[in-house]
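Undergrad: Generate coordinates for the sequence data below:
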Amino acid sequence: MIRAVFFDYDGVLTTDRTGTLTTCRFLAGATHIPVEAWQRALRPFNRDLSTGLLTYRTIWSRVCADLGAQMPPSLLDEAFASTPVNQPMLDLARELGTTCRVGIITDNKRERMAVVREHQRLDQWFDPIVVSAEVGSTKDGEAIYANALARVNLAASACVFVDNSESNVEVARRLGFHAIRFDDARNDVNGLRRSLALDHGLPGLVGR
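TA: The predicted structure follows:
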């Protein structure tokens, strides 16, 4: 019996494939510095930001220097808050929450998730929300999944994990999760709904 469903955040609960895309697109629009330049400036820090070794505040001056412009760090909070919600997926998660635990497992930065959790009221619908920067482990390793399972006190075999990355899905499957790769380009939420109902026995989802 499935007792918990975990969702990836970016590319599943949002309509942008990655958080970096969302952040860089907003910053480019606000500063008139090209998206590619923002991506290049932030790329060297991505892994350490995602594992909590660095924060955006600690690297901001270095990023500004690389881009040749002085910009207020408050731009970051605005960029994070611009994250577009995948409303049909959020609706599905809310429905699931009436019959099982619903959580998030995400490779993400500490500051960004603090903003989107408040802005999108994620804690109202998801528990736990497991963030790589807070755990110190990304989804290419086992520790973040172990943290999620400990927080719901369940075996992996009692959990479904939905992610838009095949490599993350493969890791979760090796650990015993019922893992589903979600095609963010198609965004077939109804197809996922049917799979959860018919393949994984979650009630109340067929016919909606």
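Undergrad: For stretch 157-174, which residues meet the burial criterion?
TA: Residues of stretch 157-174 classed as buried by neighbour count (16 or more other Cβ atoms under 10 Å): 158, 159, 160, 161, 162, 163, 164, 165, 168, 169, 171, 172. Any C-beta I mention is one placed from the backbone N, CA and C, and that applies to glycine too.
Undergrad: where along the chain do the helices fall?
TA: 19-31, 35-42, 46-50, 56-67, 74-81, 87-96, 110-119, 132-135, 143-152, 166-174, 189-198 (DSSP state H).
Undergrad: tell me what the shortest one is packed against?
TA: Applying 3 or more Cβ pairs under 8 Å, 6 or more residues apart in numbering; DSSP states H and E, one finds that helix 132-135 contacts helix 46-50, helix 110-119, helix 143-152.
Undergrad: quick revisit: of the helices of the chain, flag the one that's most buried.
TA: Most buried of the helices of the chain, by mean neighbour count (mean count of other Cβ atoms under 10 Å): helix 132-135, with a mean of 21.
Undergrad: To residue 2, which of the helices and strands packed on helix 132-135 lies closest?
TA: When those are compared by Cβ to Cβ, helix 143-152 sits nearest residue 2, at 11.8 Å.
Undergrad: Mean pLDDT and distance to residue 128 added to the helices and strands packed on helix 132-135, as CSV?
TA: As requested, the helices and strands packed on helix 132-135 are arranged in CSV below (pLDDT from 0 to 100; distance: least, Cβ to Cβ, whole Å):
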stretch, mean pLDDT, distance to residue 128
helix 46-50, 98, 18
helix 110-119, 98, 12
helix 143-152, 98, 4
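Undergrad: Same list (the ones you listed) but as CSV, adding distance to residue 61.
TA: CSV is the format used below for those (distance: least, Cβ to Cβ, whole Å):
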stretch, distance to residue 61
helix 46-50, 15
helix 110-119, 15
helix 143-152, 30
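Undergrad: between those, which one is nearest to residue 130?
TA: helix 143-152 (4.6 Å).
Undergrad: who touches the lowest-mean-pLDDT helix or strand in the chain?
TA: For the chain, counting by mean pLDDT, DSSP states H and E, helix 189-198 ranks last in confidence among helices and strands (a mean of 94). Here helix 189-198 makes contact (Cβ atoms under 8 Å, 6 or more residues apart in numbering) with 5, 86, 88-89, 92, 96, 160, 162, 180, 182, 202-206, 208.
Undergrad: next one: it to chain centre, how far?
TA: On the basis of Cα atoms, centre = their mean, to the nearest Å, helix 189-198 sits 20 Å off its chain's mean C-alpha point.
Undergrad: tell me the domain boundaries of this structure?
TA: 4-17+84-198, 19-81 (automatic domain parsing).
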